[in-house]
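*Asks:* have a look; sequence and predicted model below, questions after that.
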Number of protein chains: 2
Amino acid sequence: MKNRLKVLRAEHDMTQAQLADAANVSRQTINAIEKGKFDPSLPLAFKFSKLFKKPIEDIFQDEEE
Amino acid sequence: MKNRLKVLRAEHDMTQAQLADAANVSRQTINAIEKGKFDPSLPLAFKFSKLFKKPIEDIFQDEEE
DNA sequence: TCTTTTTGTAAAGTTTTGTTTACATTATGA
DNA sequence: TCATAATGTAAACAAAACTTTACAAAAAGA
């Protein structure tokens, strides 16, 4: 699963810490997701969707054929 | 988090076991999600999305204000 | 009604997601 | 250059998602 969090953060001029705060998770969680260490839960994906006002599909892309 | 899995399954005339199979999870996982016991992972949500050819937002609805 | 299929549920265990604390590395800016 | 902010990472732990086995209840069909 790929994601555009880093770019969206840049567009919104936010740090990992600020996004973590807005999404109610730890900064390490944001970092791990951006770095592809793991995928967020569905509820967390919805939070990003709401924060960036974009559908989940615009933020996360499945990468299995 | 609410979901329309049961209805979508009905529309596609699938049993929980068939959906489980198509999504590569156990039947109990499908049942638990339908019953609201827990939310699927984001990757699993994407599988449902692909199977039913509907955006994740059409299948799952966040219910926090 | 009797049989079979489907759904609900539970307990014990594994894997994945997320936290906390802590520190090292890399930008940024004065 | 020096300080500070931002990012990367790691280990130990907690919580949530998911599996397996197993059985009971409900629905559907002959």
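*Replies:* Looks like it arrived, so ask away. None of the values given here were measured: they were computed from a predicted structure.
*Asks:* tell me the residues of chain A that contact chain B?
*Replies:* Residues of chain A lying close to chain B (CB under 8 Å from any CB of the partner chain) are A:1, A:39-43, A:45-46, A:49-50, A:55-57, A:60, A:62. Every residue, glycine included, has its C-beta placed from N, CA and C.
*Asks:* and the helix ranked longest in chain A, what does it pack onto?
*Replies:* Looking across chain A with DSSP state H, the single longest helix is helix A:42-52. Counting by 3 or more CB pairs under 8 Å, 6 or more residues apart in numbering or on different chains; DSSP states H and E, the packing neighbours recorded for helix A:42-52 are helix A:5-11, helix A:16-23, helix A:56-59, helix B:42-52, helix B:56-59.
*Asks:* got the contact list for A:L42?
*Replies:* B:M1, B:D39, B:P40, B:S41, B:L42, B:A45, B:I56, B:F60 (CB atoms under 8 Å, 6 or more residues apart in numbering or on different chains).
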